[in-house]
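Enquirer: Take a look and give me a structure for this.
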Amino acid sequence: MTNPSLHTPSAAPDPASAPLEFLQHLYAAAVRRAMPLHTLGAFLPPPPKGRTVVVGAGKAAGAMAHAVEALWPQDAPLTGLVVTRYGHTPPRPEGLAQRIEILESSHPVPDAAGVAAAERIMAFPQGLTADDLVLCLISGGGSSLLTLPAEGMLLSDKQRVNQALLDSGANIVEMNCVRKHLSRIKGGRLAAACAPARMLTLLISDVPGDEASVIASGPTVPDDSTCADALAILARYRIEVPREVMAQLHSGALESRKPGDAVFSNSEVHLIATPQQSLDAAAAAARAAGLAAYILSDEIEGESREVGKVHAALARAVALKGQPFQKPCVILSGGETTVTIRARMPGAPKGRGGRAGEFCMGLAQALQGQSGVYALAADTDGIDGVEDNAGAYVTPDTLTQASEKSMKLSTYLDRNDAYGFFDALGALFVTGPTHTNVNDFRALLIL
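Expert: Numbers count the residues shown, from 1 in each chain. Below is the predicted model:
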């Protein structure tokens, strides 16, 4: 099922007669709240005495660049370079002159285009003075899109480590700790390249807790994590790195830039959009339609299918016992769950899908066809993992439909094949790239 426009507010569909359309309406409200053009202007300073240079990376970097071009004084100098995911450069608004170049590279596993983009971005601010301003536009996805492997590490090594981290079930803090220490641009190193200019970092958060040093692995902010932390994570998930790199981690040669470093002395950081703000917007949309709305948390982590089961238990309690909430109501949550890829049996088809779809499989399994419960889980960037859907729906007849097609949900769970399961049921949620990214969005409607 394809969602209508995410950017034009519309009247709320009736929850009782059009539950899936109503869930789409809540998702659209959440995405609109995180659009850069709506949020970025309040944080822009006056033009400096010298030059203004824009650098940045992330799934929202293209939309952030367009917002800066539209909001920056047209008679003030502005140049720049940002990198976003393939296919995530938004259409240029009519009449908007291009002053910031937008590159594209691969996500979630880096590629050579990401390396080339990182090299150009590191070189772009050279020669700046204290009279100049660097606007750094950062959003989720930048860790992969902005790739500059540490000395002694090839791109192929970085790709292998990145894929291993994605498959391991490591959370985003753990993954980005490793990434920061295997990079020449992350962990505050881009800030060092921009000194002594004034630096203003504008962030769209896609991480639980909105920690600036975790978002896109913190290229322009100080980092508290250490090489020892990165070594412990690599050991925990049994991920190998080249011997030369391992030696540098043990010696501390790959340490990131720490709080108190002089490169941050003329630096500011502002969050322009967060998961909590988007959940608040969805809750407000639900309440405007006459429904009670409850936000569990914007920081939920854990194995996606298990998080789905916990949400199912709560929904069933509401539906059957009227506790802890009275129906009808909407239950919302965000955060960043994980998927641990299971080993495949020889000859078994490869699973497809991402966190949202895996959550929906766990949810459907535990709901047991509970009447009156409808759900949508989706990534706010419009892409669940590496597929073309944002997420999926669960309805009271999801399991019945699967049974009629001789599909066993457990089989799809075993091979992490959420895409295959919900595609066969016509229950994929497809939006295309949204040009923002505030992480997971989950909404349960209980009638």
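
Enquirer: need the strands for the stretch 301-447 of the chain, in chain order.
Expert: Along the stretch 301-447 of the chain, counting by DSSP state E, counting those that start in this stretch, strands occupy 329-335, 373-379, 391-394, 428-429, 440-446.

Enquirer: Of those strands, which is nearest G354?
Expert: Closest approach to G354 among these (Cβ to Cβ): strand 373-379, 6.8 Å. The way it works is simple: take the backbone N, C-alpha and C, and place the C-beta from them, glycine included.

Enquirer: Can you give the contact residues for the closest one?
Expert: By Cβ atoms under 8 Å, 6 or more residues apart in numbering, the surrounding residues in contact with strand 373-379 are 19-20, 23-24, 26-27, 308, 311, 315-316, 319, 354-357, 359-360, 363, 367, 384, 390-396, 429, 431, 437, 439-447.

Enquirer: let's go with 7 Å and repeat that
Expert: 19-20, 23, 27, 315, 319, 354, 356, 359-360, 363, 367, 384, 390-396, 429, 440-446 (Cβ atoms under 7 Å, 6 or more residues apart in numbering).

Enquirer: Quick check: P208 is in a strand.
Expert: No - checked against DSSP: H, G, I helix; E, B strand; the rest coil, P208 lies outside a strand; its state is coil.

Enquirer: that older thread, for P90, find the nearest of the strands of the stretch 301-447 of the chain.
Expert: Here strand 373-379 is closest among the strands of the stretch 301-447 of the chain (Cβ to Cβ), at 16.9 Å.

Enquirer: Measure how that closest one sits relative to strand 440-446, angle-wise.
Expert: When axes from the mean of the first three to the mean of the last three Cα atoms, to 10 degrees is applied, the directions of strand 373-379 and strand 440-446 differ by 170 degrees.

Enquirer: which other residues reach the helix or strand harbouring H66?
Expert: According to DSSP states H and E, H66 maps onto helix 61-71. Contacting residues not belonging to helix 61-71 are listed as 35-37, 40-41, 44, 54, 56, 80, 82-84, 88-90, 92-93, 96-97, 99-100, 102, 135, 137, 139, 202, 435-436 [Cβ under 7 Å, 6+ apart].

Enquirer: Now do the buried residues in that helix.
Expert: 61-70 (16 or more other Cβ atoms under 10 Å).

Enquirer: And the helices in the stretch 251-400 of the chain?
Expert: 275-288, 304-321, 355-367, 398-404 (DSSP state H, counting those that start in this stretch).

Enquirer: For the ones you listed, give me CSV that also has mean neighbour count, mean pLDDT and distance to R415.
Expert: Shown next, in CSV, are the helices of the stretch 251-400 of the chain (neighbours: other Cβ atoms under 10 Å; pLDDT from 0 to 100; distance: least, Cβ to Cβ, whole Å):
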stretch, mean neighbour count, mean pLDDT, distance to R415
helix 275-288, 21, 98, 29
helix 304-321, 19, 98, 12
helix 355-367, 28, 98, 11
helix 398-404, 16, 98, 15
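
Enquirer: Any chance of these in JSON lines with distance to C177 as columns?
Expert: Output for those, formatted as JSON lines (distance: least, Cβ to Cβ, whole Å):
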{"stretch": "helix 275-288", "distance to C177": "20"}
{"stretch": "helix 304-321", "distance to C177": "21"}
{"stretch": "helix 355-367", "distance to C177": "20"}
{"stretch": "helix 398-404", "distance to C177": "37"}
